[in-house]
Every structure is written in C-alpha cells, then in structure tokens.
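[1] The sequence and its predicted three-dimensional model are supplied below.
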Amino acid sequence: MNDNFKLDNYTRPKLELPNGADNLLLHSCCAPCSGEIIEAIAASKIKTTVFFYNPNIHPVDEYEIRKDENRKFCEKIGFNCIDGDYDKDKWFKRIKGLENEPERGKRCTKCFDMRFERSALFAFENRFRAFATTLGISRWKDMNQINSSGHRAASRYKEIIFWDLNWRKFGGSSRMIEISKREHFYQQEYCGCVYSLRDTNRWRRKNNKERIIRGIKFY
Ligand code: SF4
C-alpha cells in the first residue's frame, strides 16, 4: 500500500472493520465512486483488495473503460485489483422480465444481488472476513436497497460480514467529486446497463438535451 495517504488529510475518523475482521474485499463499481473510499481505507491502513465485478455494464467498450480507470487508480494507491468475469449473459438472464423497471426498482435489486453474491463468494473462497461496496456513496443510489442486498449476500457464509458504513458521511460525498476531478476520471453519464442508457437518453430527449456520447467525458 502506498504510504502517502495519511489520516490528517481526512475529516473522517480512522476506519475500523467491524467484528474484528482483519481484511476487506471491496466491491468497486467504478473509479469515481471508489476514489474517496479507497483513499480513506488506505489512510486507515486496512488490508484491502478491490474486486471489479460489474457484468451489468453495457456495452463492452464502456465496461473496459470503467474497469481500466479503476485498475489504474488501484495501482496508484497500491491496492490489488481483481478483474471479475464479465458475466453479461448471466446478468441478462437474471434481470429478465424487469427490463422496464425504473432505476432503484426491482431490476436494481437483482443487479446488486448478483454482484454482491459473487463478491461474497470470492471473499469466502479467498478467506476475506468482510466485504463492502462502493455503490452506496453515489447520491443516485438507494442506500437501504444496497445494504439489504449486501447483507443478504453475506448471510450465505457465516464467516463473512457485509460492512455497511455510510460512505457519504464525514465529507465523503464532496471528496468523491474532488478526487474525481483531481484524477480526471472518466465520467460515465448513465448507471451502467443498457436500460439505464436507454432511459437516460429518453429523459434527455424529453428535456431537449443531447444524447449521451460515450467514452469522451472526463472530470
Ligand atoms: S440501473 Fe444500474 S443498478 Fe439498476 S440494473 Fe441498471 S446497472 Fe444495475
């Protein structure tokens, strides 16, 4: 881990894993959501591995951009970043019938469940005692929905707990943006799946805004 990250730079107190856990698997959805969390964890000297498992992201070139941004930042901090599989066929199968659900609805619950079940399995197989996700830091997300999925996934293994810290607190939300700007992270303009791309573009059309052009916008 890179030693440049010191707690003095943070308004949050030193972070500690719950239940005496000594290592963390951090499911990450993208670089902008994970930047602040990764730095805060690094400053608290928590032994952490990042797990990028997001088969929801569509299309594949968007997936590769988001993954690469995340990988590069992990390298900079000195965190190991595991590349989970791009199980897109399984993802489409899992959310079948929920294609027209709104964001934060039932489709998103299934999407979180799938990503966290895989994270919990990886944590179990690789002897991590705790897992967490970066998804909850975004104000676009329903934190209760995310935490319920996280706890459900962790409950499959008695050895593992889901760390449901509120990452938005202690300046987390604003630092997330500051770090994204400092690092010039890729700025995705929709949640990730093909349906969120469709719905965001529909909203834009209705509000006389231009369609999303992927791959060009950076903080
Ligand atoms: S809107 Fe986002 S969280 Fe919901 S299903 Fe699509 S990618 Fe998953």
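    Okay, I see it.
[2] Per-residue pLDDT of the residue positioned nearest the centre of the chain, please?
    Central residue of the chain (CA atoms, centre = their mean): C29, 2.8 Å from the mean position. According to the prediction, C29 has pLDDT 98.
[3] Quick one: residues contacting the closest residue to it other than its chain neighbours.
    Closest residue to C29 apart from its sequence neighbours, by CB to CB, 6 or more residues apart in numbering: L135 at 5.1 Å. From N, CA and C alone the C-beta is placed, and that goes for glycine too. The neighbours of L135, taking CB atoms under 8 Å, 6 or more residues apart in numbering as the test, are H27, C29, C33, F112, K141, I146.
[4] What strand or helix carries the last one?
    It refers to I146. helix 143-154 (DSSP states H and E).
[5] which helices and strands does that helix pack with?
    helix 106-125, strand 130-133, strand 161-162 (3 or more CB pairs under 8 Å, 6 or more residues apart in numbering; DSSP states H and E).
[6] switch to 6 Å and redo it
    On a contact count with 3 or more CB pairs under 6 Å, 6 or more residues apart in numbering; DSSP states H and E, helix 143-154 meets helix 106-125, strand 161-162.
[7] looking at those, which is buried most?
    For the helices and strands packed on helix 143-154, the largest average neighbour count (mean count of other CB atoms under 10 Å) is found in strand 161-162, namely a mean of 23.
[8] Partner strands of that strand, with direction?
    Taking DSSP bridges as the criterion, strand 161-162 pairs within the sheet with strand 130-133 (parallel).
[9] tally of neighbours for the nearest residue to A132 once chain neighbours are set aside?
    Nearest non-adjacent residue to A132, counting by CB to CB, 6+ apart: W163, 4.0 Å away. For W163, the neighbour count with other CB atoms under 10 Å is 22.
[10] chain center to stretch 125-138, what's the gap?
    9 Å (CA atoms, centre = their mean, to the nearest Å).
[11] and that stretch with the ligand, contact?
    No. Judged by CB under 6 Å from any ligand atom, stretch 125-138 makes no contact with the ligand; its nearest approach is 7.8 Å.
[12] end-to-end on that stretch?
    29 Å (CA to CA, to the nearest Å).
[13] Could you pull out the buried residues of it?
    F128, R129, A130, F131, A132, T133, T134, L135, G136, I137, S138 (16 or more other CB atoms under 10 Å).
[14] same check, this time on stretch 85-97
    So for stretch 85-97, counting by 16+ other CB under 10 Å, buried means Y86, D87, K88, W91, R94, I95.
[15] ok, residues contacting that stretch?
    Applying CB atoms under 6 Å, 6 or more residues apart in numbering, the contact partners of stretch 85-97 are P55, N56, R107, K110, M114.
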